[in-house]
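Participant: Fold the following.
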Amino acid sequence: MKEIEQKLKGKINRLTNKTFKFDERVGEGWFSAVYFLKTKEIAEKKLPNNHVTMQFFQKNDAVLCGTDEAIALVHTFAENPEELEIHSLKDGDRIEPFETVMTISGPYQYFGFLEGIIDGILSRRTSVATNVYNVVKAARFSGKQKPIIFMGDRDDHFTQQAGDGYAAFIGGSTAQATHAMSEWWGKKGMGTMPHAMIQMFRGDVVAASVAYKETFPEDDLVTLVDYNNDVITDSLKVARKFGKELSGVRVDTSRTLVDKYFLRNHHLMGTFDPRGVNPELIFALRKALDDEGFQHVDIVVSGGFCEERISYFEKRGVPVDMYGVGSSLLKINIGFTGDNVLLNGTPSAKEGRRYRPNPRLEKVVYEES
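Facilitator: Now for the predicted structure:
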């Protein structure tokens with residue numbers, strides 16, 4: 001049983017290194033800024049009896065993520081982790097600017113060299129979780145929640161997929177493009193066909209769909225229909241072939257192209273930007289499918305979607321059933337800071353910073369991995 005299942009069932013409180021599988025070099029200081037390593041050595045030699053409290057915060061309204069990972073990091077690589085006192089909020093908590101999300105107390109030399117890594121974990125995971133939360137929120141403007149497919153596999157280094165996928169899950173995305181993205185939270189990746197598959201069938205969308213259905217008969221068939229830049233024509237071809245077996249069509253038209261539908265109906269143009277996946281194209285596609293009795297076929301859109309663009313579509317009532325979103329969800333726009341704010345129980349922080357107790361923090365019980 002995956003740890004996330006145990007956590008959801010209340011059998012464990014937090015995920016551990018059994019999920020995160022940290023690089024062992026963390027403990028050697030390989031990923032820590034050198035000045036932290038030097039400070040650790042000085043503390044050991046000159047101030048061995050120090051006791052500090054380090055607190056972590058950021059400056060936005062956000063969805064917190066990365067606390068389990070950060071705590072597991074400390075429990076795995078700090079010296080004498082059982083002697084440290086950690087208080088923390090939880091992954092998924094809504095947080096405010098400057099709100100303390102975690103404190104760690106103990107001798108600096110035990111854990112201080114992990115400060116920058118903890119900041120980085122919280123920053124990336126919270127940024128992705130918050131980005132996804134905002135996109136998911138935008139996609140329920142109509143009162144019905146439209147699913148968000150997390151499609152960030154091509155927008156960052158592949159080693160980030162598991163953590164980003166977990167953060168996306170915390171933010172509200174329950175469909176993701178790769179198995180790695182779903183690793184920490186216990187599902188499998190989803191998807192049907194890329195443009196490359198249709199290319200190998202020389203642009204014959206029907207032939208590609210037949211091959212897909214024969215190879216994966218248990219899957220819901222969602223056909224990619226923009227390969228020939230004629231989404232309505234190709235959608236109807238596939239719908240006529242498969243009927244009720246066609247679950248959906250995905251439109252991923254490049255932002256530099258105008259679909260052939262508008263070139264055949266140029267009298268429609270002049271009052272909107274006809275490039276890419278635009279509202280007028282989706283309205284026309286929905287009408288064409290409905291007119292031929294294919295009301296059951298969902299429309300999935302992808303390609304450059306973000307919170308603002310989804311909000312625009314939703315406010316206009318564009319008949320989209322699911323959004324595929326990638327690069328906009330991976331922007332790291334939230335930065336965390338760790339500050340030493342207490343020294344041997346006495347307030348002591350750099351100018352402009354102070355100890356900010358937070359009654360929402362919960363004490364973390366040390367459990368050896």
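
Participant: Show the contacting residues for the closest residue to Asp220 other than its chain neighbours.
Facilitator: Using Cβ to Cβ, 6 or more residues apart in numbering and skipping residues adjacent in sequence, the residue nearest Asp220 is Ser247, 3.9 Å away. All C-beta spots, glycine's among them, are computed from the backbone N, C-alpha and C. For Ser247, the contact set (Cβ atoms under 8 Å, 6 or more residues apart in numbering) comprises 220-222, 296-298.

Participant: Could you tell me which of the residues you listed belong to strands?
Facilitator: Those of these mapping onto strands are 221-222, 298, per DSSP state E.

Participant: Out of these, grab the one that's most surrounded.
Facilitator: Using other Cβ atoms under 10 Å as the neighbour test, those are led by Val222, with 23 neighbours.

Participant: Surely that one is in contact with Gly248?
Facilitator: Yes: between Val222 and Gly248 a contact is recorded at 4.2 Å, counting by Cβ atoms under 8 Å.

Participant: can you list residues touching both of these two?
Facilitator: Here Val222 and Gly248 share the contacting residues 298, 300, scored by Cβ under 8 Å, 6+ apart.

Participant: circling back: ok but the residue nearest to Asp220 is inside a helix, no?
Facilitator: No: Ser247 sits outside any helix when classified using DSSP: H, G, I helix; E, B strand; the rest coil, being strand.

Participant: Which strands and helices lie in contact with whichever strand or helix holds Gly165?
Facilitator: Element membership of Gly165, judged by DSSP states H and E, is helix 161-171. On a contact count with 3 or more Cβ pairs under 8 Å, 6 or more residues apart in numbering; DSSP states H and E, helix 161-171 meets helix 115-138, strand 148-150, strand 175-176.

Participant: roughly how far out does it sit from the chain middle?
Facilitator: Its chain's C-alpha centre lies 4 Å from the corresponding centre of helix 161-171 when counted by Cα atoms, centre = their mean, to the nearest Å.

Participant: Phi and psi next, for Ser235.
Facilitator: When read as degrees, to the nearest 10, the backbone of Ser235 gives phi -60, psi -40.

Participant: Tell me which stretches of the stretch 251-369 of the chain form strands.
Facilitator: Shown for the stretch 251-369 of the chain, the strands assigned by DSSP state E, counting those that start in this stretch span residues 298-302, 322-325, 337-343, 346-347, 362-364.

Participant: Could I get the helices and strands packed on helix 161-171 in TSV, plus columns for mean pLDDT and mean neighbour count?
Facilitator: TSV is the format used below for these (pLDDT from 0 to 100; neighbours: other Cβ atoms under 10 Å):
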stretch	mean pLDDT	mean neighbour count
helix 115-138	96	23
strand 148-150	89	27
strand 175-176	84	24
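
Participant: which residue is nearest the centroid of this structure?
Facilitator: Closest to where the C-alpha atoms of the chain average out (Cα atoms, centre = their mean) is Ala168, at 2.6 Å.

Participant: Could you find the closest non-adjacent residue to that residue?
Facilitator: Distances taken as Cβ to Cβ, 6+ apart put Phe150 closest to Ala168, at 4.2 Å, once the chain neighbours are dropped.

Participant: got a list of what the one you found touches?
Facilitator: Counting by Cβ under 8 Å, 6+ apart, Phe150 touches 132, 164-165, 168, 173, 175-177, 181, 325-326, 329.

Participant: Distance to Ser209 added to the residues you listed, as TSV?
Facilitator: As requested, the contacts of Phe150 are arranged in TSV below (distance: Cβ to Cβ, whole Å):
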residue	distance to Ser209
Val132	30
Asp164	30
Gly165	28
Ala168	28
Ser173	26
Ala175	20
Gln176	23
Ala177	19
Met181	25
Val325	24
Gly326	23
Leu329	28
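
Participant: which two from the residues you listed end up farthest apart in space?
Facilitator: Maximum pairwise distance among the contacts of Phe150 (Cβ to Cβ): 14.1 Å, between Asp164 and Ala175.
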